[in-house]
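Q: Would you be able to build a 3D model of this:
(3 chains)
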Amino acid sequence: MKLRSAVCLASAALTLGAVTFAGALPFRATDKIDPVADAKAFQKFFTDKFPKVKYEDFVNGPYSMNEDLHRQWQEKEQFPPYEFSLEMGKEMFSKPFKNGKSYEDCFPNKGIGIRQNYPYFDEKEGKVITLELALNRCREANGEPPFSYVRDEMAALTAYMAFTSRGKPMDIKIPNDPRALEAYQAGKEYFYTRRGQLNFSCATCHVQSPGERIRAEILAPALGIVNAMPIYRSEWSGMGTTSRRFTTCNSQIRGVPLSPQDDEYRNVEYYLSYVSNGLPISGPGARP
Amino acid sequence: MASSIRVRATASGENTEVQALIQHPMDSGFIKDAKGELIPAHFITQLKFEHDGKTVFAADWGGGVSKDPYVKFSFKGAKKGDELKISWIDNKGATDTTTAKIQ
Amino acid sequence: MRNRMLRSTLVVVLLAAGVTSALSAGSEDEFKAAYAAADAANKEAAKLRNQWTTTASTLAAAKKAADAGEFDKATASAKEAEALAKASIFQATSEKTRWKEMEIR
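A: Just a heads-up that it's a prediction; the model follows:
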């Protein structure tokens, strides 16, 4: 049994070698975009790297990586710091706009328990639609000014929507549309591309070094990282959305951040959410 | 507006464990805003927990305490169903009070 | 190299002896050229969606020094900014293929 699996592994390695070699040729068979295989490999990478961490615990970011932090967090969760924001979001969500309609009218199932389906690919528009974008479009369609994408009201609304979806497995779909695959692939490229003067990609921290410290913080694994959004960061002493996380990540590595909800950010959220499919929604989260 | 104070008090045996979260900016007066102007000091100066007319916990706070502070302590002599009164006053004279039933 | 620098210094000194105003204008021109080159490189980096925050801050420092009339310092900053911008362009270009090396497969 052992021998056979070793042989299997060796032949797999050989195939891999051949594939890598083929990758160098101008015509690349490996360039076939295969999200299903990607997600499988992505999740396997983390479960192999952290065999002791329970699968559904990956959504708890740094707390899944460090026992001390985990204990502190459990204590904190009895009185989570996002509670005020959550309450504000709940209030805002049911309060009607000036025209009498409300957020409930913009979303399937009145917006309850649907967080796991965002972001989705809109085939009419040919682009990725995130929850934050959908919320602001809902506001604009009803004659209300849009909110800032990074904090306060937007975080409160998404906190409430995530809360009503807690425990539901992330369920991102890639429709049979070449543009959807393209968006997914662009998101993947963004995730692995090094940028900024410090020459970091998203993966440098969240794939190569989860569980390690960066200054005083413990890095979260990329797997399930979006499931906890939005988050209350003690460092920010406030709430932040996925957009805020992306833009601050960029500036921390000395890259000029793009505008929230630019195509790149939408695509990378699409990619990250897709490869976290199956993991439960845990947002809103609290992070050190 | 909902109360700025969240409390949970649970009695087990003779001890009552109290946890509270208070929503307050707790500006120290030394922080600048995005325009570079100082944000004026605005913080809780006194926090009090009373049980049966007796103060069981009091704190004199300053600008060094974090935003939305969290407090946890325990005391003896209360039982389930008793009321706990919590109040704070800040340096601008604003105040808030709430009562919680011990569970 | 050193020799040539010496010689050019000599030329500058000789020139300075003649027309002082032409000298300050000359180094302002040098700054303007260096700044324009840095700015252009940074704009190219923007097209590649990969500007560095340090490029922007070094460009700002160059501008500040120039406004204060310190053109030598301003030119040096502008050249540094150009080098940073070019490095960011190189990064963006090479990462177009290199990102795959990091991918989990």
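Q: Need the contact partners of stretch B:20-38.
A: Stretch B:20-38 has contacts (Cβ atoms under 8 Å, 6 or more residues apart in numbering or on different chains) with A:79, A:81, A:83-84, B:4-8, B:39-44, B:47, B:49, B:63-72, B:86, B:88, B:90. Heads up, the C-betas are built off the backbone N, CA and C, glycines and all.
Q: which of these count as buried?
A: A:79, A:81, A:83-84, B:4-7, B:41-44, B:47, B:49, B:63, B:65, B:67-71, B:86, B:88, B:90 (16 or more other Cβ atoms under 10 Å in any protein chain shown).
Q: Narrow those residues to those in helices?
A: Those of the buried ones among the contacts of stretch B:20-38 mapping onto helices are A:83-84, per DSSP state H.
Q: Can you pull the residues of chain C lying near chain A?
A: Proximity of chain C to chain A, by Cβ under 8 Å from any Cβ of the partner chain, involves residues C:46, C:49-54, C:56, C:84, C:87-88, C:91-92, C:95, C:98-100, C:102-105.
Q: Got a PyMOL select line for the buried ones in the residues you listed?
A: Remark: buried members of the residues of chain C next to chain A, expressed as a PyMOL selection using 16+ other Cβ under 10 Å:
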select buried, chain C and resi 49+50+51+52+53+54+56+84+87+88+91+92+95+99+100+102+104
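Q: The residue nearest the centre of chain C: what's it in contact with?
A: When Cα atoms, centre = their mean is applied to chain C, the residue found nearest the centroid is C:K79 (2.1 Å). By Cβ under 8 Å, 6+ apart, the contact set of C:K79 is C:34, C:38.
Q: Report pLDDT for the residue of the stretch 51-200 of chain A found nearest chain B.
A: Residue of the stretch 51-200 of chain A nearest chain B, by Cβ to the nearest Cβ: A:F79 (4.6 Å). On pLDDT, A:F79 comes in at 83.
Q: go on, A:D152?
A: At A:D152, the model reports a pLDDT of 86.
Q: where's it relative to C:A56, distance?
A: To C:A56, A:D152 is 27 Å away according to Cβ to Cβ, to the nearest Å.
Q: Centroid-wise, who is the farthest residue in chain B?
A: In chain B, B:K35 marks the outermost C-alpha relative to the chain mean, sitting 31.0 Å out by Cα atoms, centre = their mean.
Q: Next, that one: phi, psi?
A: With angles defined as degrees, to the nearest 10, B:K35 sits at phi -90, psi 0.
Q: how far away is it from C:A61?
A: 21 Å.
Q: same question, A:A156
A: Relative to C:A61, A:A156 is positioned 39 Å away (Cβ to Cβ).
Q: out of these two, which sits in the more crowded spot?
A: The neighbour comparison of A:A156 against C:A61 (other Cβ atoms under 10 Å in any protein chain shown) goes to A:A156, with 26 against 17.
Q: Please list which of the contacts of stretch B:20-38 are also close to chain C.
A: Contacts with chain C are made by none of the contacts of stretch B:20-38, judged by Cβ under 8 Å from any Cβ.
Q: Now, those residues that are in strands?
A: Among those, the members found in strands (DSSP state E) are B:5-8, B:44, B:47, B:49, B:70-72, B:86, B:88, B:90.
Q: Pick the one among those residues closest to A:G240.
A: Distance to A:G240 across those (Cβ to Cβ) is lowest for B:Y70, with 19.5 Å.
Q: tell me which element the nearest residue to the closest one once chain neighbours are set aside is part of?
A: Of all residues not flanking B:Y70 in the chain, B:L21 sits nearest, at 5.1 Å (Cβ to Cβ, 6 or more residues apart in numbering or on different chains). Taking DSSP states H and E as the criterion, B:L21 maps to strand B:15-22.
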